[in-house]
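Colleague: one predicted model, sequence on top.
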Amino acid sequence: MSSARTITLILSLLLSAASHAAGTAPRKTLAPFASEQALSNYLRQLQARQAALQREQRQLQRATAQSMAAAPPAAPAPMVAKAAPAPAASAEAAESVTNVQTTGVDEGGIVKLHGKHLVILRRGKLFTVQVGGNALQPVASLDAFAPGADPSGSWYDEMLVDGDTVAVIGYSYSRGGTEIGLFDINADGKLAYRATYHLRSNDYYSSRNYASRLIGSKLVFYSPLSLDFRRGDIFGGFPALRRWRPDAVPSDFKRIAPATHIYRTDDELEPGNGVTLHTVTVCDLAQRDMRCAATAVMGPQGRVFYVSGESVFVWTTRRGSDSGVFRIPLDGSAPSALKVAGAPVDQFSFLESGDGHLNVLLRAEGQGDAMWDGARGRGDMALLRVPLASFSDGRDSAPAGSYRPLPGGGGYGLQNRYVGAYLLYGNPGNAGRRKADQAWPRQPLYAVRWADAGSVQALSLPHGVERIEALGDDAVVIGAQGRDLHFSSIRLGPQAAVATRYIRADAAQGESRSHGFFYKPQAQNEGLLGLPILGADERPGLNRSAASVLYLRNSGLTLTELGALAARPGPAPDDGCRASCVDWYGNARPLFLQGRVFALLGYELVEGALREGQIREVRRISYAPAAR
């Protein structure tokens, strides 16, 4: 069945079930399990269904084998290509160095600011560099894991800073899941280890999303937990927390999601296709001894999650487009849900808007954003727009009329972003790896006013759409054409329009994650932007730094090159790395602090100054540790 017919059928089926989901219906929430016994009984039912399914599969395999042995050999079938599986800002916030999706919701990253010091997480270690008072001086470094712990098999990916607490978030295959290391930092930039905690979880890694958020002093995690119905003690895989010590044992884990904080909808779960506890954990960093509480909803494996200021939304998918969306409040109150169709691309497909609606860009089919799945997906596209008040106990479906069909196929690497009143989306095309003398097909950038049913604009671009970012109330779209990297500024007024274009010859993006870009407003319609770049013949690599960080000035959407700060050529220093020795989250960032401009390039921090309209290097330091 074609993707167009698939989504048409889905919408028609939803229409009959959705009429009672209007905002006039009384607000309902999911019901938790009433007791540990009720939860245990339900899990035993799922275990029995899983065992019966496995027996049926074994019987079918035996019967098939016997039939094949008795039958004459068949002529070889022609080879057929298999389709891919459907896959009010404060002064402190003004000095943020992280390109976050939602104002007030910080995201785990590799570099943060604490007072007059940068705090950097790289290759299993924490570093501080003094930048206050016009300084540029390495201060301290410390292992990002507990003293005495074996860091092998562990990855330390994200960091957040709250007050004088540095939280390092990683994943340990040997110690039980998500690892949270807490460190003290003082006004002089000195670091001291405090404690390590473990949260049970599956690997949280996503090539697009981040596992942790910080809202005030509340550390927020989304953690998937796949239930293994073959194990005797299913509860051994439930949300739990332990404080690490050298002689820690699995029994030290203490459950943080009792049965009364675990929810499900009326949908029948299919153990054979995987059942996951989609878990939101909130930990209070205001207390020196971290305390955490968790809420979990049962659903299929595929997931994309988005964190607003008050809730975590988890979109689950089963069989490509049979989906549900959960709204899990951060205050610990009961979740709510809706039956929905399609699948988001990634976290940027979501917007909880100030008018009390959830807006989500959808493709007909997808499988979540774990690992590299966010780049996959296919089928027709639509914008779902539903009032938050329509979320209920999970029995209701989003009304068919709340899906707005959109043009464009959701191809590999689709990019999407809400900027002001607009939703922008487009495809990267050939990702720019074409010869300079080959014709380049023009790529559309689609612009949708998400709050109304006006027409969709298709803006023609001579380059692919590899990145979409906000420039204040307007936007910039970055992508390759042949060997060149294009920056197209987009004016977002009553109509969207391409304003100007800057072209960097023989260049490519050096960083694909959202944190690789940063825009620093300076005045109305004025500001500076930075992006790591490589040469056109170079390939981004997990074990290399970007060649340089490119800086542009935005002046009324006219983009002008200011120059680049480059990494020093030569072999990387021997740092004696013991853990997290691959830069999964990149290692290059543009930084703007107190009117100064920096480039983080691997173990180098380079400072530039604007002189005669150009950024020129004034000094650099290496903060690399000495080899052991």
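Modeller: Cool, got the structure.
Colleague: state the pLDDT value of the closest residue to Glu107 other than its chain neighbours.
Modeller: Closest residue to Glu107 apart from its sequence neighbours, by Cβ to Cβ, 6 or more residues apart in numbering: Tyr210 at 4.7 Å. Every C-beta, even on glycine, is put in place using the N, C-alpha and C of the backbone. Tyr210 is assigned a pLDDT of 91 by the prediction.
Colleague: please state the backbone phi and psi of Tyr210?
Modeller: With angles defined as degrees, to the nearest 10, Tyr210 sits at phi -120, psi 150.
Colleague: and it, what does it touch?
Modeller: Contacts for Tyr210 (Cβ atoms under 8 Å, 6 or more residues apart in numbering) come out as 107-109, 158.
Colleague: quick check: the gap between it and Leu351.
Modeller: As judged by Cβ to Cβ, to the nearest Å, Tyr210 and Leu351 stand 17 Å apart.
Colleague: Ala48 now?
Modeller: When Ala48 is compared with Leu351 (using Cβ to Cβ), they lie 42 Å apart.
Colleague: more crowded one of the two?
Modeller: Leu351 (21 against 12; other Cβ atoms under 10 Å).
Colleague: so that one sits in a strand?
Modeller: Yes: counting by DSSP: H, G, I helix; E, B strand; the rest coil, Leu351 falls inside a strand.
Colleague: grab the nearest non-local neighbour of Thr317.
Modeller: Gly302 (3.6 Å).
Colleague: what mean pLDDT does stretch 348-361 get?
Modeller: On average, stretch 348-361 scores 95.
Colleague: likewise stretch 476-484?
Modeller: Stretch 476-484 carries an average pLDDT of 94.
Colleague: now do it: distance to the chain's middle.
Modeller: 23 Å (Cα atoms, centre = their mean, to the nearest Å).
Colleague: go on, stretch 557-565?
Modeller: How far stretch 557-565 lies from its chain's middle: 28 Å, per Cα atoms, centre = their mean.
Colleague: ok, and the closest non-adjacent residue to Asp506?
Modeller: Distances taken as Cβ to Cβ, 6+ apart place Ala536 nearest to Asp506, at 4.4 Å, with adjacent residues excluded.
Colleague: where's the one you found relative to Val477, distance?
Modeller: Going from Ala536 to Val477 by Cβ to Cβ gives 19 Å.
Colleague: of these two, who's got more company?
Modeller: Val477 (26 against 18).
Colleague: show me the beta-bridge partners of the closest residue in space to that one that isn't next to it in sequence.
Modeller: Sequence neighbours aside, Ser488 is the residue nearest to Val477 in space, at 4.8 Å (criterion: Cβ to Cβ, 6+ apart). Beta-bridge pairing for Ser488 (DSSP bridges): Val477, Arg501.
Colleague: so Ser488 touches Gly464, yeah?
Modeller: No: contact criterion Cβ atoms under 8 Å: Ser488 and Gly464 do not qualify, at 10.9 Å.
Colleague: so where do the strands sit in the stretch 151-300 of the chain?
Modeller: Here the stretch 151-300 of the chain has its strands, by DSSP state E, counting those that start in this stretch, at 154-162, 165-172, 177-185, 191-200, 212-215, 218-226, 240-243, 254-255, 262-263, 276-284, 291-299.
Colleague: output those strands as CSV; include the columns mean neighbour count and distance to Ala398.
Modeller: As requested, the strands of the stretch 151-300 of the chain are exported to CSV (neighbours: other Cβ atoms under 10 Å; distance: least, Cβ to Cβ, whole Å):
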stretch, mean neighbour count, distance to Ala398
strand 154-162, 22, 32
strand 165-172, 24, 33
strand 177-185, 22, 31
strand 191-200, 19, 32
strand 212-215, 22, 25
strand 218-226, 21, 22
strand 240-243, 20, 34
strand 254-255, 13, 33
strand 262-263, 24, 19
strand 276-284, 23, 19
strand 291-299, 23, 16
